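Give me a 3D structure for the following:
(one chain, ligands or ions: 2)
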Amino acid sequence: MAASESRRDTAQPPKESLQFPVLSRVFLQPYLPVSLKSSSSPSAYPQTTPAKTSLPHVTLTYATSLDSSLSLAPGTQTHLSGPQSKAMTHYLRSRHDAILVGVGTALADDPGLNCRITGVGGYGGKELIGQPRPIVLDPSARWKFNAESRVFRTARENRGKAPWIVVAQGNEEKMSLEQRKVLGSYGGKLLSIPQRKPEMEDPTGEASTEAETYAALDWQSLLDTLAQQDVYSLMVEGGGTVINDLLHPRNAQLVNSVIITIAPTYLGQGGVVVSPERKLDSQGKPTNAVRFKEVKWQPLGADVIMCGRVEV
Ligand SMILES: NC(=O)C1=CN([C@@H]2O[C@H](COP(=O)(O)OP(=O)(O)OC[C@H]3O[C@@H](n4cnc5c(N)ncnc54)[C@H](O)[C@@H]3O)[C@@H](O)[C@H]2O)C=CC1
Ligand SMILES: Nc1nc(O)c(N)c(N[C@@H]2O[C@H](COP(=O)(O)O)[C@@H](O)[C@H]2O)n1
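Numbers count the residues shown, from 1 in each chain. Ligands and ions are numbered 1, 2, ... in the order given. Below you'll find the predicted structure:
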């Protein structure tokens, strides 16, 4: 191991590390996955969610404005979370094996996708303990990353793991050889998943508008593949297209819990909006897309956090 790496294991956490006090964590516990990998997510709390199932525990978590916007415009990053809710998001990252974003988010934000809570690996803790695996959903291999993309810089500094990139089967070659080399050299990998079957697009038989613009993957297959790779808990962070697809009536039952930060602001029209497709009742009449049960609201600084489970 290089001298700089061994120093980092025992050094003081860097200045940008975040604190999320133990007392503030209590309200989140019922919505969090059971830790199956004791080395990756140490926890002092009793857990109430069921133990290992065949699919990973999926937590959907994002920050929204009062008008359900994630950002002011596609392709831009907007800071909505206040300092306490930002620290909460980082704590949540430490409690999951992996965090997933769509390629739109990777392109817009150039995110680090690591956990910056004091005490996790890279921030005063050992090795990469507590660091989630970043996963980028990029069915058509659009993300032109290189070693200077933030997630790779973070991995190089031993402050996070290298990403896994999910493409649609048949699109593997769209990722350049150079990129595949970068990915492999940092310990990342390429996963390929079959595309969603057309008959699964829409139970009403109508064309799905989103599906026309990208090679839509089946969430169940994706989660199966991740479970085979020892991912027992997945935090889905966004962006809008990913969230709307995951909350689509065909997929919403795959979500175990939601932890949503609501910031006291309207972003106004033109933002990236969370608004999943409506369900149709037995008469074909539109009804609520999703409702939540076992809901808890917790103020955190100027924001409020809504925790819940999907009512199936
Ligand atoms: N406020 C917050 O908490 C967050 C905000 N954001 C914001 O969201 C925006 C990005 O959102 P979007 O542009 O909607 O991009 P996105 O991040 O949702 O990525 C969209 C892409 O993901 C892929 N994708 C989505 N669902 C898929 C499926 N089922 N199968 C295969 N591929 C799938 C497709 O390639 C699609 O084009 C940015 O402005 C970003 O800053 C992103 C994450 C969190
Ligand atoms: N929780 C939360 N609050 C916001 O206000 C946000 N804009 C986001 N965005 C998500 O966080 C990612 C950035 O992560 P890094 O700090 O670069 O690790 C971004 O890509 C979104 O997924 N989240």
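
switch to C-alpha atoms for all contacts and neighbour counts from now on
Fine.

Which residues of the stretch 1-150 of the chain lie near ligand 2?
62-63, 77-81, 86, 89, 105, 109, 111-114 (CA under 6 Å from any ligand atom).

In those, which residue is surrounded by the most others?
residue 113 (28 neighbours; other CA atoms under 10 Å).

so that one makes contact with residue 152?
No: taking CA atoms under 8 Å as the definition, residue 113 is not a contact partner of residue 152, at 10.1 Å.

Enumerate every residue touching the spatially closest residue to residue 88 that is not a sequence neighbour.
In this structure, residue 88 finds its nearest non-sequential neighbour in residue 20, 6.1 Å apart by CA to CA, 6 or more residues apart in numbering. Under the criterion of CA atoms under 8 Å, 6 or more residues apart in numbering, the neighbours of residue 20 are 84, 87-88, 91, 117.

how many neighbours does residue 91 have?
Using other CA under 10 Å: residue 91 sits among 22 other residues.

Grab the nearest non-local neighbour of it.
Closest to residue 91 by CA to CA, 6+ apart is residue 117, at 6.3 Å.

So the one you found versus residue 80, what's the distance?
Distance from residue 117 to residue 80, counting by CA to CA, to the nearest Å: 19 Å.

ok, residue 110 touching residue 149?
Yes: judged on CA under 8 Å, residue 110 makes contact with residue 149 at a distance of 6.5 Å.

if we can go back for a sec, look up phi and psi at the residue nearest to residue 91.
phi -80, psi 130 (degrees, to the nearest 10).

Run a quick neighbour tally on residue 176.
Residue 176 has 12 nearby residues by other CA under 10 Å.

start the count at 34, not 1, going forward
Sure, I'll start counting at 34 from here, so that last one is residue 209.

per-residue pLDDT, it?
Residue 209 is assigned 97 on the pLDDT scale.

which residues does the residue in the stretch 234-345 of the chain positioned nearest to ligand 2 contact?
Residue of the stretch 234-345 of the chain nearest ligand 2, by CA to the nearest ligand atom: residue 270 (5.0 Å). Counting by CA under 8 Å, 6+ apart, residue 270 makes contact with 93-95, 132-134, 276.

One more: residue 304?
Counted by CA under 8 Å, 6+ apart, residue 304 has contacts 102-107.

Mind doing that once more with 10 Å?
98, 100-107, 109, 111, 273 (CA atoms under 10 Å, 6 or more residues apart in numbering).

Same question for residue 259.
88-89, 131, 168, 224, 253, 265-267.

Which among those residues count as buried?
88-89, 131, 168, 224, 265-267 (16 or more other CA atoms under 10 Å).

Make CSV out of these and add secondary structure and pLDDT.
Output for the buried ones among the contacts of residue 259, formatted as CSV (DSSP: H, G, I helix; E, B strand; the rest coil; pLDDT from 0 to 100):
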residue, secondary structure, pLDDT
88, coil, 96
89, coil, 97
131, strand, 98
168, strand, 98
224, strand, 98
265, coil, 96
266, strand, 98
267, strand, 98
